[in-house]
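Engineer: What follows is a predicted structure for the sequence shown.
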Amino acid sequence: RAYTLFKGMILIALIVMIAALTGMETILWIFRNISTVVLVALVVIFQPEIRDALDKLGSTVFDLRSGGRSGHAALTNTINEVVEAACQIAQQEKDGALIILEGSTRLGEFEKSGIALDARVSSSLLTNIFVDRSPLHDGAVIIRGDRIVAAGCKLPLSTTDKTGLRLGTRHRAALGITELSDCVVVVVSEERHVISVANNGCLKRDYNKSMADFATGEKEIQNRLRADLFLLMT
């Protein structure tokens with residue numbers, strides 16, 4: 001959305017340049033008189049982006065001062081807990097999951113659609129959130145760093161299906177949010193008990209074929225899922 005607004009600003013700047021070159025004094029007078037209002041409007045329109053940029057700048061400076069060690073440790077712990085939770089949920093009869101690992105693009109708008117938690121990431125908490133008939137199990141969990149910031153979040157559904165398969169709501173939501181940001185989403189199918197990962201509008205679904213695969217190959221499933229998440233998040 002910010003990029004679309006930026007293109008609109010470029011178009012307006014081009015109009016002003018053309019007016020200046022062609023001597024359209026009326027248009028120039030209008031723009032001179034509304035310039036102050038436009039500046040205030042830009043601050044209001046881009047307020048979420050400005051806030052996120054300042055927050056990201058502060059986080060980057062802190063991470064550089066700490067040598068990046070704390071960030072790497074937090075990511076390692078988060079991925080390990082998410083992998084364990086996903087495998088546990090996939091082995092339950094009626095449970096599914098939608099777990100978002102936030103990237104550099106903040107998901108504040110979608111975070112506000114759910115219930116704020118601000119809790120340390122743990123597999124036990126994630127599995128309890130997605131227990132069947134839990135008040136939050138139908139929405140998505142958003143993880144920022146090593147914190148679960150919100151649960152029960154509503155996501156936009158993708159209108160395209162690049163997999164060639166008929167996808168359920170969870171998988172379409174996972175694709176939808178990754179089409180808008182650089183996040184990584186772990187999806188557990190409630191019906192088929194299959195773990196998938198969505199990123200950049202694409203879906204990888206071959207971590208397991210059914211619940212029965214965990215009986216003999218759970219470690220292999222965990223290792224492949226963990227390796228892909230590290231690759232996508234770093």
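Structural biologist: Sure thing, it's come through.

Engineer: residues of stretch 174-182 that come out buried?
Structural biologist: 174, 175, 176, 177, 178, 180, 181 (16 or more other Cβ atoms under 10 Å). Just so you know, the C-beta spots here come from the backbone N, C-alpha and C atoms, and that holds for glycine as well.

Engineer: scratch that, stretch 36-51 is what I was asking about
Structural biologist: residue 46.

Engineer: does the nearest residue to residue 124 once chain neighbours are set aside sit in a helix or strand, and which one?
Structural biologist: If you skip the residues right next to it in sequence, residue 124 has residue 85 as its closest partner in space, 7.9 Å away by Cβ to Cβ, 6 or more residues apart in numbering. Element membership for residue 85 (DSSP states H and E) is helix 69-90.

Engineer: Can you name the element that comes right after that helix?
Structural biologist: With elements assigned by DSSP H and E, the helix or strand that comes after helix 69-90 is strand 97-101.

Engineer: what does the average pLDDT come to for that following strand?
Structural biologist: Averaging pLDDT along strand 97-101 gives 96.

Engineer: what's the answer for stretch 120-133, then?
Structural biologist: Across stretch 120-133, pLDDT averages out at 92.

Engineer: same deal with stretch 181-201?
Structural biologist: Per-residue pLDDT over stretch 181-201 has a mean of 92.

Engineer: Would you map the helices across this protein?
Structural biologist: Along the chain, the segments classed as helices by DSSP state H run 2-22, 25-45, 47-65, 69-90, 108-111, 123-129, 169-180, 213-233.

Engineer: quick one: pLDDT of residue 91?
Structural biologist: Each residue has a pLDDT score; the one for residue 91 is 92.

Engineer: Ok, residue 161 next?
Structural biologist: The per-residue pLDDT of residue 161 was computed as 62.

Engineer: Next: the one 5 residues further on.
Structural biologist: According to the prediction, residue 166 has pLDDT 72.

Engineer: so who does it touch?
Structural biologist: Applying Cβ atoms under 8 Å, 6 or more residues apart in numbering, one finds that residue 166 lies in contact with no residue.

Engineer: just checking, residue 16 touches residue 28?
Structural biologist: Yes - counting by Cβ atoms under 8 Å, residue 28 is a contact partner of residue 16 at 7.2 Å.

Engineer: more neighbours, those two?
Structural biologist: The residue with more neighbours, out of residue 16 and residue 28 and counting by other Cβ atoms under 10 Å, is residue 16; that gives 16 against 13.

Engineer: excluding its backbone neighbours, what's nearest that one?
Structural biologist: On the basis of Cβ to Cβ, 6+ apart, the spatially nearest residue to residue 16 that is not a chain neighbour turns out to be residue 31, at 5.5 Å.
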